[in-house]
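>>> I would like to see how this sequence folds:
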Amino acid sequence: MFLFGFVWYGHLMHGIHNEVPALWRPEADFGTYFPWLIFGHVVMAFFLTMLCARFLPAGGAGAGARLGIMLALVYIGNDFIIYAVQPLTTKILCGWIVGDLIMFAIAGAIIGAIYKPGATQTAI
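Got it, this is the predicted structure:
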């Protein structure tokens, strides 16, 4: 998720974000807040993994991707709210929507492919 965010938001959308520089921290201050960026990605990855473990008992890349897309749709709802209250451009909104869908679908697919549920135990 961090790697995708670095490429998508940090590089591909960098110019689009710079269209409204007053909304973002100056690049000189970014290093101070970088640990928070890492922490945010860890939190997202952890809870996406927990959701996959809870709601995809059989695992699987396809099921993980579907759950990731559903979670992305929750984030997209938040993107629309932010768009309503901040002077973002529609290019930023669309970039965030596409980025959310791709990132969470890929992350969910990876988690679903890796996740192997433990053997179920039966009571005697």
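
>>> from here on, contacts and neighbour counts on C-alpha atoms
Fine.

>>> For the helix or strand hosting Gly5, what is the distance to the chain centroid?
Using DSSP states H and E, Gly5 falls within helix 2-7. Distance of helix 2-7 from its chain centroid, counting by C-alpha atoms, centre = their mean, to the nearest Å, is 10 Å.

>>> Report the buried residues of stretch 31-47.
By neighbour count with 16 or more other C-alpha atoms under 10 Å, stretch 31-47 contains the buried residues Ala45.

>>> Now tell me what touches it from outside.
Residues from elsewhere that reach stretch 31-47, judged by C-alpha atoms under 8 Å, 6 or more residues apart in numbering: Met1, Phe2, Ala107.

>>> Which one of those sits in the busiest neighbourhood?
Ala107 (22 neighbours; other C-alpha atoms under 10 Å).

>>> May I have the residues that are in contact with Lys116?
Contacts of Lys116 by C-alpha under 8 Å, 6+ apart are Ala58, Gly59.

>>> Need phi/psi at it.
phi -120, psi 110 (degrees, to the nearest 10).

>>> Then Gly60?
phi 110, psi 140.

>>> Understood, closing this out.
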